[in-house]
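Asks: A predicted structure for the sequence below; I have some questions about it.
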Amino acid sequence: DVAMSEYFRKLIKRDPPPAANIRFRCAKLHRVTDAAGNSKDSEYNTIYDVLKSRGWKETDVDTEWHIFWCDKDWIHSAFDKMHLDPHQHVNHF
């Protein structure tokens, strides 16, 4: 019965899903340019928006992250000089 299932779901207290504990870093944000070619003050990054919408937490700490959506410059300057823990992932180019 659907009503009974909904009733029991409200009674069960669950820990937050593991995804709520995920920390991420995201590369440079990009300036928004309007149709006239004017650069606006607001910045956006679609990947950043998606990561935040999942409830993941942003971090600026160099080593305490699970996902790092990085840019090409970071890959070339830092990736070969660091060790990733098993839980850490970066995007690739």
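Replies: That came through fine. Please read all numbers here as calculations on a predicted model, not as lab measurements. Numbering: from 1, shown residues only.

Asks: Could you use CA atoms for every contact and neighbour count after this?
Replies: Will do.

Asks: Only the C-alpha atoms, please, for stretch 66-75, written as CSV.
Replies: The C-alpha trace of stretch 66-75 is given here as CSV (Å, rounded to 0.1, in the frame of the first residue of the first chain):
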residue,chain,number,x,y,z
HIS,A,66,36.9,14.6,-3.3
ILE,A,67,36.3,16.1,-6.7
PHE,A,68,38.3,18.9,-8.3
TRP,A,69,37.0,20.2,-11.6
CYS,A,70,40.2,21.9,-12.7
ASP,A,71,41.3,23.8,-15.7
LYS,A,72,44.1,23.0,-18.1
ASP,A,73,46.6,25.4,-16.5
TRP,A,74,46.2,23.6,-13.1
ILE,A,75,46.7,20.2,-14.7
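
Asks: Identify the residues contacting it?
Replies: Stretch 66-75 is touched from outside by 22-28, 47, 87-91, 93, with contacts defined as C-alpha atoms under 8 Å, 6 or more residues apart in numbering.

Asks: quick one: average pLDDT of the longest helix seen in the chain?
Replies: Criterion DSSP state H: the longest helix present in the chain is helix 2-11. Across helix 2-11, pLDDT averages out at 75.

Asks: quick one: buried residues of that helix?
Replies: Within helix 2-11, no residue is scored as buried using 16 or more other C-alpha atoms under 10 Å.

Asks: which is the next helix or strand following it?
Replies: Per DSSP states H and E, the first helix or strand lying C-terminal to helix 2-11 is strand 23-26.

Asks: For residue 50, see how far away the nearest residue to residue 27 once chain neighbours are set aside is.
Replies: Closest residue in space to residue 27, ignoring its immediate chain neighbours: residue 70 at 4.6 Å, by C-alpha to C-alpha, 6 or more residues apart in numbering. For residue 70, the distance to residue 50 equals 15 Å [C-alpha to C-alpha, to the nearest Å].

Asks: Tell me which of those two has more neighbours.
Replies: Between residue 70 and residue 50, counted using other C-alpha atoms under 10 Å, residue 70 has the larger neighbour count: 17 against 11.
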